[in-house]
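Asks: no sequence for this one, just the structure:
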C-alpha cells in the first residue's frame, strides 16, 4: 500500500489552504500531519479501500499491497 504522505514543502501550502477554505477539516488534517508526514494507518487503509473500489469500477486491477 502506498503511504499517504504530506511532505513539508507541500504542507506549507496545503495546510493554510485547508484552514482557509475548509476550516471544518483543519482539526483532522492538523491531527494527521501536525507532527508527522504520514497519515495514520487506519486512514491509509480507508483511502486504499476507496481507491480499490474505484479501480474495479473503472476497469483497473485493485492493488494488493495491504
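Replies: Cool, the structure landed. Values in this document were obtained by computation on a predicted structure and should not be read as measured data.
Asks: now the element after the helix or strand bottoming out on mean pLDDT in the chain, going C-ward?
Replies: Comparing helices and strands within the chain by mean pLDDT, DSSP states H and E singles out helix 26-33 as the least confident, with a mean of 88. Along the chain past helix 26-33, the next helix or strand (assigned with DSSP states H and E) turns out to be helix 41-57.
Asks: now the angle from that next one to helix 26-33?
Replies: Angle between the axes of helix 41-57 and helix 26-33 is 100 degrees (criterion: axes from the mean of the first three to the mean of the last three Cα atoms, to 10 degrees).
Asks: buried set for helix 41-57?
Replies: Using 16 or more other Cβ atoms under 10 Å as the burial criterion, the residues of helix 41-57 that qualify are 44, 48, 52. To be clear about C-beta, it is placed using only N, CA and C from the backbone, and glycine gets the same treatment.
Asks: how close does the residue of the chain positioned farthest from its centre sit to residue 30?
Replies: Here the chain reaches farthest from its C-alpha mean at residue 59, the gap being 22.8 Å by Cα atoms, centre = their mean. Using Cβ to Cβ, to the nearest Å, one gets 37 Å for the distance from residue 59 to residue 30.
Asks: nice, that's everything, thank you.
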